[in-house]
Structures are given as structure tokens and as C-alpha cells.
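**Student:** Kindly return the folded structure for what I paste below:
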Amino acid sequence: MGLIVCLICNLFHNSGSSAYRVLTGHADHVYSLVYLHDGRLVSGSRDHNAKVWDLSNFSCLRTLSGHGSDIFCMCQLQDGQLLTGSGDKSIKFWNANKPDVPLVRTSSDAHTSDVYSLIELHDGRLVSASVDKTILIWA
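**Tutor:** Take a look at the predicted model:
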């Protein structure tokens, strides 16, 4: 068995095609990225964690744990909350306005299968999509 190195993402300069920085830290595949309003980067992984990255020094600031399966999707709401959607059928709401990014709440009955997509509409409503063949528009 060989050494497994997990690459989070390659950061590229706009003018070139070579990697500018490589961020490492996840224990398994990285499925999703979201760029926060304050300039931090968040990655979601098959290791059930999301990681918050400081792009000024390319360090991991925080690991967000709590999902019981892969994190397939993420989005940031206009109010600053970070949402993570997972193979555990849940959507977690994190307060990305605070440095420690605490968990605010979990919606565990959102879907009956993996949550694969999250977006916020212009009017502030959340939309989620799942392997259960449904798209939910939240009030």
C-alpha cells in the first residue's frame, strides 16, 4: 500500500496554468469549495469534515466536524451563515461570521438521501437538491 497524499485544491494565477499553492489536510477526497465573503476558503470532503482556510498564509484555521458522511456541497448565505450538505442527509448551518465558526443548527430531516446541492435565491430562500430526486425550496 502506497502513501496517500490528499490535495485540497491548487490555487492558480490568472495568467498561468501552474499551481500557485497546494493546500493539504483532508484525509480523503475533496468534493466542494466555497469562497466566503471575508476572503476565507472552505473545503468539504469525503472525510466528513469541512476545513476553513486563510488564503493570506495558506493555513487551515479550523476543521468543522459533525457530519456523519461525505460533505458534497456548501454555500454561504447573505447573512454570513455557511451551509454544508452531506451524504448523511443533513444540512448544517455554521456561523461563518465568528472566527471559530460554531455550529448553529442542523436540519436532519431535510431529505431522505444525500444532499448534493445548496444555493440561496436572490430573495434569501434556500434551495437544496438531493439524490432522493427532490428539490426543496425553503420558506
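**Student:** Next, please give the residue ranges for the strands of this structure.
**Tutor:** 7-12, 19-24, 30-35, 41-45, 50-54, 59-64, 71-76, 81-86, 91-95, 103-107, 115-120, 126-130, 135-137 (DSSP state E).
**Student:** Bridged to the spatially closest residue to Gly25 that is not a sequence neighbour, which residues?
**Tutor:** Once flanking residues are discounted, Gly25 sits nearest to Cys60: 5.0 Å by C-beta to C-beta, 6 or more residues apart in numbering. Quick note: C-beta positions are derived from backbone N, CA and C, even for glycine. For Cys60, the beta-bridge partners under DSSP bridges are Trp53.
**Student:** Please name the residues that touch Cys60.
**Tutor:** Residues near Cys60 by C-beta atoms under 8 Å, 6 or more residues apart in numbering: Leu23, Gly25, Lys51, Val52, Trp53, Asp54.
**Student:** any idea how far Asp38 is from Val52?
**Tutor:** Going from Val52 to Asp38 by C-beta to C-beta, to the nearest Å gives 10 Å.
**Student:** Over to Ser128?
**Tutor:** 24 Å.
**Student:** These two: who's more crowded?
**Tutor:** Each of Ser128 and Asp38 has its neighbours counted (other C-beta atoms under 10 Å); Ser128 has more, 22 against 9.
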